[in-house]
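Chemist: here's my sequence, what's the structure:
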Amino acid sequence: MSRVQPESARGRFPLAERGLHWRAQAASTPVDAVQDAAPARRYRNNWPLYLFVFLLPLQNIQTGYLPQLGGGLNFLNVFFVVSLVGAFFCGGRLARNEPLNIAVFVYMLYAAISYLVGSQLVSDSDRINVLKDHLIAVSLVFVTQMSVRDWSQVKKIIIASLLPLPYIAKVTWVQHTSVAKWHYGDALRIRGTFALLGANEFAAFCVTMAVLCFALLISVRMPRILRALVALGLACTVFCILYAYSRTAYVAVAVGLICVLLAWRGRWKLMPLFLVLAIALPAILPESVVERYQSTSVEEGKQDESTRMRMVYWGIAWDSFVAHPVVGTGFNTFARRVNPYHMDTHNVYLRTLAEGGAVGALVLLALLLALFFLCIKRLRKAPPGSWQYGIALGMLGAWTALVVGNIFGDRFTYYPMIGCFWVYAGLLLKSRELPAMEGARR
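Modeler: Numbering: from 1, shown residues only. This next block holds a predicted model:
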């Protein structure tokens, strides 16, 4: 019997030959080329959330120009509800298997329980508004996750948080020039766009945004226009920090920027510049800023009035914790009932011990640690130059600045101050699922 030649075999089975040829060609085609050829799916945008993020730090516009409808229908309540509805309309969901989401939920639940505990001591109806505003700010971590489904939406939220910064700097400059003088005085303590809060709270918001802008600027590959916007935001926030004259903000922003620089994988590129800036900084800062920073002293007999009274409040808070060690006196009761001076503790951790007891302190500690480990995990796994890496780096620095700032004041409660922090936390939580969504979409 004669053997069948390969050529004649291929001629007898043309369909099989063509199928094998197609399989070989598909196997040799790069996956990226097939993905890029598919049309990109467009997701719904939560436009109310973008506007909400833009207006969050503009408290002067909220109180001066937006109508107050009464019955609790103010800017914060209306925009939060509309943003939440928009999040459900977008069809998003929370990031799965994330300890931070559980920690935030437990924190919110215990805050409500602590409010009920405090109602036995204080019947002031304004406490419920303080709790509501605080929980709305924290809830932005959930709304943000539910509103983001691709990286273009992440960028839109970031842009929305950057756009008000030039206007904030302009308001700060106008306020500063109206009271400016060479040497420091308490009249220089301006509050920018935070019409209902003080200079310390305004500076705390600027610290968070400055650290985030710095991290994004040095670590993310982005278009030139967007990079220019981030650089402008950094310059505006640093300017506002200087002229808010908050000593805590000076320390917090320095610690936050150093943390970003040390955690960044390309830190050696900017280390010489940081050293030169640290040496030259006292010579280039305004005299009033230098005097304000140098006025801090903890030595007995040399303390200024603000520092001395902080020590007094801290002692009262500790005594209150010793008297009520388990659940404390209840949410927002220290200044209203416990402290005879009717002032806040100027220390979030001692206030938590006094008002929330050991249980409240453990809940807050779990929340902070969950956020810290989230930043570390994302920072290790995210590719350098990506938005995920930049947000993780910025949140790590902002977390450090927040922890330091809370030692000397409340940098955690008021929504204009902390709202954008939780928005970026939501972006960081969802960032792990966005590449998978992108691949599934294509």
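
Chemist: show me where the stretch 201-350 of the chain has strands.
Modeler: Using DSSP state E, counting those that start in this stretch, no strands are assigned anywhere in the stretch 201-350 of the chain.

Chemist: correction: the previous question concerned the stretch 1-150 of the chain.
Modeler: Under DSSP E, counting those that start in this stretch, the stretch 1-150 of the chain gives no strands.

Chemist: now do the helices in it.
Modeler: Using DSSP state H, counting those that start in this stretch, the helices of the stretch 1-150 of the chain run over 6-12, 14-28, 31-37, 47-55, 59-64, 75-90, 99-118, 126-147.

Chemist: for the ones you listed, which has the smallest mean pLDDT value?
Modeler: Lowest mean pLDDT of the helices of the stretch 1-150 of the chain: helix 31-37, a mean of 38.

Chemist: so where's this protein shaky on pLDDT?
Modeler: Applying pLDDT under 70 to the chain flags the ranges 1-41, 70-72, 180-187, 266-271, 273-304, 435-442.

Chemist: now with 50?
Modeler: Per-residue confidence for the chain (pLDDT under 50) gives these ranges: 1-39, 297-299, 302, 438-442.

Chemist: after the lengthiest helix in the chain comes which helix or strand?
Modeler: If you go by DSSP state H, the chain has its longest helix at helix 348-381. Moving toward the C-terminus from helix 348-381, the next helix or strand (DSSP states H and E) is helix 387-405.

Chemist: before we move on, the earlier item: out of the helices of the stretch 1-150 of the chain, nearest to residue 375?
Modeler: Smallest distance to residue 375 across the helices of the stretch 1-150 of the chain (C-beta to C-beta): 9.8 Å, for helix 99-118. C-beta coordinates here come from the backbone N, C-alpha and C atoms, glycine included.

Chemist: relative to the whole chain's centre, how far out is the closest one?
Modeler: 19 Å (C-alpha atoms, centre = their mean, to the nearest Å).

Chemist: which residues sit against that helix?
Modeler: With contact meaning C-beta atoms under 8 Å, 6 or more residues apart in numbering, helix 99-118 is reached by 94-95, 127-128, 131, 134-135, 138-139, 141-142, 145, 327-333, 355-356, 359-360, 363-364, 366-367, 370-371, 373-374, 425, 429.

Chemist: now stretch 314-326
Modeler: 328-329, 334, 338-341, 345-347, 350-351, 353-354, 357-359.

Chemist: now do 6 Å
Modeler: Stretch 314-326 is touched from outside by 338, 339, 345, 347, 350, 353, 354, 357, 358, with contacts defined as C-beta atoms under 6 Å, 6 or more residues apart in numbering.

Chemist: buried ones in it?
Modeler: 314, 316, 317, 320, 321, 324 (16 or more other C-beta atoms under 10 Å).

Chemist: just to revisit the earlier point, just the buried ones from the contacts of stretch 314-326?
Modeler: Among the contacts of stretch 314-326, those buried by neighbour count (16+ other C-beta under 10 Å) are 338, 339, 345, 347, 350, 353, 354, 357.
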